[in-house]
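Undergrad: sequence and predicted structure are below.
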Amino acid sequence: MLGMYDYSGEWSVNVGLPAKSGVSGAVCLVIPGTLGLCIYSPRLDERGNSVRGVEFCMRANRRFKWSIFDRLVSTEDGEEMTELRKGSLERRNREKQENDSIPIDIKRKWEAEELCEVKKRKL
């Protein structure tokens with residue numbers, strides 16, 4: 001959530017999305033797994049962020065609930081996690097189940113190929 005100069009902490013609470021602003025008046029916003037967005041309006045506030053860009057992001061977040069903090073889900077043991085993390089864990093579990101059905105000799109071949117690739121990159 002860094003990248004909004006001295007407004008980074010408040011940005012995290014108010015908008016809750018990764019963003020970067022520039023003194024040109026641009027605010028680049030990322031909605032993970034959905035889209036990237038750039039808002040341009042040259043009038044800057046005292047912190048160096050686009051006045052209208054920040055306002056647009058705050059209003060859009062209130063309307064569409066894009067913030068990573070708006071999507072909290074409780075797990076079976078009561079722990080809270082975001083929907084994005086939950087989706088990531090579900091995807092990882094699904095991939096693990098799929099990999100468990102692959103014969104061991106093919107897995108070893110893949111692991112050997114991955115190891116060779118890692119060694120090549122280090123050289």
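TA: Arrived safely, thanks for sending. This structure is a prediction, so every number in the text was calculated from the model and none was measured. Numbers count the residues shown, from 1 in each chain.
Undergrad: mind listing what the residue nearest to residue 34 when sequence neighbours are not counted touches?
TA: Spatially, and ignoring its direct neighbours in sequence, residue 34 is nearest to residue 66 (7.7 Å; CB to CB, 6 or more residues apart in numbering). Placement of C-beta: from N, CA and C, glycine included. Residues in contact with residue 66 (CB atoms under 8 Å, 6 or more residues apart in numbering) are 15-17, 31, 34, 60.
Undergrad: in stretch 35-43, what's buried?
TA: Of all the residues in stretch 35-43, those buried under the rule 16 or more other CB atoms under 10 Å are 37, 39.
Undergrad: oops, could you answer that again for stretch 46-62 instead?
TA: Burial within stretch 46-62, assessed by neighbour count using 16+ other CB under 10 Å, is assigned to 49-50, 53-54, 56-57, 60-61.
Undergrad: so how far is residue 61 from residue 22?
TA: Using CB to CB, to the nearest Å, one gets 20 Å for the distance from residue 22 to residue 61.
Undergrad: and the contacts of residue 66, which are buried?
TA: Among the contacts of residue 66, the ones that count as buried by 16+ other CB under 10 Å are 15-17, 31, 60.
Undergrad: can you redo the residues you listed as TSV with distance to residue 43?
TA: Written out in TSV, the entries for the buried ones among the contacts of residue 66 read as follows (distance: CB to CB, whole Å):
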residue	distance to residue 43
15	19
16	24
17	22
31	24
60	18
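Undergrad: from those residues, which land in strands?
TA: Per DSSP state E, strands hold the following members of the buried ones among the contacts of residue 66: residue 31.
Undergrad: now, which of the buried ones among the contacts of residue 66 sits nearest residue 6?
TA: The shortest distance between residue 6 and any of the buried ones among the contacts of residue 66, using CB to CB, involves residue 15 and amounts to 15.0 Å.
Undergrad: surely that closest one and residue 58 touch.
TA: Yes: distance between residue 15 and residue 58: 5.9 Å, which falls inside the contact criterion (CB atoms under 8 Å).
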